[in-house]
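>>> With the sequence up front, the predicted model follows.
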Number of protein chains: 2
Amino acid sequence: MAEFKYEIVEEIAVISESSRGWSKELNLISWNERDPKYDLREWSPEHEKMGKGITLSAEELKTLRDALNKLEL
Amino acid sequence: MAEFKYEIVEEIAVISESSRGWSKELNLISWNERDPKYDLREWSPEHEKMGKGITLSAEELKTLRDALNKLEL
């Protein structure tokens, strides 16, 4: 597997935490030293392991925010 | 690989569409005939292939929505 570098530039919000200590988080992450992107993902305690997730641009987050604000939750 | 069933119960919002036709979408999806969950994920045209994403409960979506509303985007 190819190596890749990442840096969590900003921890924006912890969305939830599971009983095994994994958390769903919204962060700003730089991948391979590129410009940082928003990232919604599961992480193990202390950010040791990265789980499944999705990377989003600011434009995509805005669209998501507007969709969530229209939703009955 | 084990098989699994899913059904897109409701298409809530298309967040973006890439030049190759894949889209990031917020949907309500039932996995293996269980209660549907919110799901933010990439899909190929016509939902033929499923890309990376994350499943969220209503409670998690609320927390995400509140975090996004506090964010300067």
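Happy to help now that I have it.

>>> my read: residue A:17 touches residue A:43, true?
No: under the criterion of CB atoms under 8 Å, residue A:17 makes no contact with residue A:43, lying 10.0 Å away. For the C-beta atoms, the positions are set from N, CA and C on the backbone; glycine is no exception.

>>> and for the two, which residues touch both?
Among the neighbours of residue A:17, those also in contact with residue A:43 (CB atoms under 8 Å, 6 or more residues apart in numbering or on different chains) are residue A:23.

>>> more crowded one of these two?
residue A:43 (20 against 13; other CB atoms under 10 Å in any protein chain shown).

>>> Can you tell me how far that one is from chain B?
12 Å (CB to the nearest CB, to the nearest Å).

>>> Quick check: bridge partners of that residue?
residue A:23, residue A:50 (DSSP bridges).

>>> so it makes contact with residue A:20?
No: under the criterion of CB under 8 Å, residue A:43 makes no contact with residue A:20, lying 11.7 Å away.

>>> distance between the longest strand seen in chain A and the chain's centre?
Secondary structure of chain A per DSSP state E: the longest strand is strand A:6-17. In this view, strand A:6-17 has its centroid 6 Å away from the chain centroid, taken as CA atoms, centre = their mean, to the nearest Å.

>>> cool, and stretch A:12-19?
Distance, centroid of stretch A:12-19 to centroid of chain: 10 Å (CA atoms, centre = their mean).

>>> quick one: contacts of it?
By CB under 8 Å, 6+ apart, the residues outside stretch A:12-19 that reach it are A:23-28, A:38, A:40, B:56-57, B:59-60, B:63-64, B:67, B:71.

>>> one more time with 7 Å, if that's ok
Residues from elsewhere that reach stretch A:12-19, judged by CB atoms under 7 Å, 6 or more residues apart in numbering or on different chains: A:23-28, B:60, B:63-64, B:67, B:71.

>>> Residue B:2: which of those residues is nearest?
residue A:24 (24.0 Å; CB to CB).

>>> so what's the closest one closest to, chain neighbours aside?
Taking CB to CB, 6 or more residues apart in numbering or on different chains as the measure, residue A:24 lies nearest to residue A:15, with 4.1 Å between them; neighbours along the chain are not counted.

>>> what does chain A have sitting close to chain B?
Applying CB under 7 Å from any CB of the partner chain, we find that chain A lies next to chain B at A:12-13, A:15-16, A:24, A:26, A:40-42, A:52-54, A:58, A:60-65, A:67-69, A:71, A:73.

>>> Understood, closing this out.
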